[in-house]
Structures are given as structure tokens and as C-alpha cells.
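>>> Quick one: sequence plus predicted model below, questions after.
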Amino acid sequence: MEAAVELKQVVKQYGKKRVLDGATVSFQTGKLTGLLGENGAGKSTLFKLVMGLTQPTEGEVRVFGHKPSWKLNERIAYLGDRSRWYPQHTIREALRFAAAVFPRFDEKRAQEYIQLMELDAEAKVRSLSRGQEARLQLSLCVANRVDLILLDEPFAGVDLLSRERMVRLLIDLMLEKEGTMIISTHDIHEVEGLFDNVVFIKGGKCIGDQNVEELRADRSSIQDEYRRLFG
Ligand SMILES: Nc1ncnc2c1ncn2[C@@H]1O[C@H](COP(=O)(O)OP(=O)(O)OP(=O)(O)O)[C@@H](O)[C@H]1O
């Protein structure tokens, strides 16, 4: 099957700094892949390359076989920097707004996710705690009927119970359909059971794509691998 995302010998340089240095990797279609690496390893940069928000200095990025573009982004939902998109709105209004702006946004589904996340639809977005806001952003992102979902650190700054709720939503989502998802996170422990595959970024290179079941069959775990690579 065609890879959802492919990087071939990608170099990404900011000034003199080479963040990615010949990264070659593919992310499989229909799988949930964890993208792991230390602070500043280049995870967000990789997402931005996939979205076409920044260009590779060298090498090739392909998304479903095509060069990243605005047109292609209709097939992708991306949770990036957690900016406050709809501060003056209630959650219900934010959902309506998203439905008007994003062609593949499913408002009914989003309402279900809001309930599942135990959020009050009448609450103002401005008044939400960090964890509640993270739950809202995740609900909004995954309510898009798209082929590829990119979540850049969706659990950052979120408490344990909120994280568990978010993981539950992601598990339901993956059981429901064969979507492709890439999640970067430092909270490996909570999401260990969620990933089909893992890709590690180290020294500007991608290491992986490793199958999590195979890791387990070798009596290893994502955390063990992480320690082995970065420890
Ligand atoms: N627009 C930019 N201009 C200059 N340097 C940048 C830019 N964007 C990112 N960087 C640098 O590139 C490196 C990789 O950043 P990136 O945000 O991709 O890492 P990350 O793996 O997502 O890190 P974290 O886990 O801390 O979020 C960092 O050193 C960062 O300072």
C-alpha cells in the first residue's frame, strides 16, 4: 500500500542549523504512528513540511504520493500550536464556525466528541482550563473526515485524567475506521498501547518505522527503545 507520508533524504536547515539532516522515512497508510524524539529534534518541523508550511532545503516530501500543497491539505487535519482559535465563542459556536470554514468538518460528530470529553457546550472557549482546551482542540481536529490526522503534542500540559479521556477518544477513532494518524508526544507511557508503529527522530535522522507489536514480541517496549536510543 502507498505510504501516507514519505520523506526522502530530507534536509531542513534554519540558517546554519540543520534540524533534519538526510531524514528518510515512510508513515504507513491506515496506521497510527508515534513520532518521538527529544526537545528540538525536529518533530514539529516534520509536521510543517508535511503541511507545506515550510519547504525542505533538500530532498523530497510526499503526501499520498503528491507534493504538499494547500489543495492536498483538504485531506489533512493538523493540530499544531495550540492557539486560541475561538476565544469569544462558546464551544457550540466554535463547532458551528468550524463547520462553516472546514469542508470536511462533521459537526454532529464533533458534538459527540465534546460530550465524550465531558465539555460543556455552552462554556466560553476563553474560560476553559488548559486541559479542557486541549480536549476541545482534539475534538475539533478529529471531527474532520480526512485521510490523515497530524497531532503535534496533543497532551502537552494536560493532566492525567484529561490525557486518559483523550487517549480513549483516539482509541475509539482508530477502532471505528482505518484512518492514518501521526502523533508526536513526550507522554510515551499513556499512549504506548495506542501506537501501531513508532518513528524516532535523532540527530536529524529518522529511525524506524518500527512495529510496536514486534517490539513487544522481542520483550521490549517503546520506553525501552527510547532509553536505548537517547539514554
Ligand atoms: N522558524 C524557525 N526558525 C529558526 N529555527 C527554528 C524554526 N523552527 C524551528 N526551529 C528550530 O529547529 C529545531 C527543531 O524544532 P522543532 O520545533 O521542530 O522540534 P521538536 O522536536 O518539535 O521539539 P519539542 O519536542 O521541544 O516540541 C529547534 O532547535 C528550533 O529552535
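Cool, the structure landed.
>>> Using the three-state scheme, assign the residue nearest the centre of the chain.
Taking Cα atoms, centre = their mean, the centroid of the chain lies closest to Leu151, which sits 1.8 Å from it. Following DSSP: H, G, I helix; E, B strand; the rest coil, Leu151 is assigned to strand.
>>> That one and Ile76 touch, don't they?
No - if you go by Cβ atoms under 8 Å, Leu151 and Ile76 don't touch, sitting 11.4 Å apart. For every residue, glycine as well, the C-beta is placed using N, CA and C.
>>> Where do the strands of this structure begin and end?
Secondary structure of the chain, counting by DSSP state E: strands at 5-14, 17-27, 32-36, 58-63, 76-79, 148-152, 180-184, 197-202, 205-211.
>>> helices and strands around the fifth one, which ones?
Using 3 or more Cβ pairs under 8 Å, 6 or more residues apart in numbering; DSSP states H and E as the contact definition, the elements that strand 76-79 packs against are helix 43-51, helix 130-142, strand 148-152.
>>> Mind listing what's buried along the helix or strand of the chain with the lowest mean pLDDT?
Lowest on mean pLDDT, DSSP states H and E among the helices and strands of the chain sits helix 188-191, with a mean of 82. Residues Ile188, Val191 are the ones in helix 188-191 that count as buried (16 or more other Cβ atoms under 10 Å).
>>> what are the phi and psi values for the residue found closest to Gly30 once you drop the neighbours it is linked to in the chain?
Closest residue in space to Gly30, ignoring its immediate chain neighbours: Glu178 at 4.3 Å, by Cβ to Cβ, 6 or more residues apart in numbering. Taking degrees, to the nearest 10, you get phi -90, psi 60 for the backbone angles of Glu178.
>>> burial count for Glu178?
When neighbours are counted by other Cβ atoms under 10 Å, Glu178 registers 9.
>>> Around the ligand, pick out the residues from the chain.
Contact residues, the chain versus the ligand (Cβ under 6 Å from any ligand atom): Tyr14, Val19, Gly37, Asn39, Gly40, Ala41, Gly42, Lys43, Ser44, Thr45.
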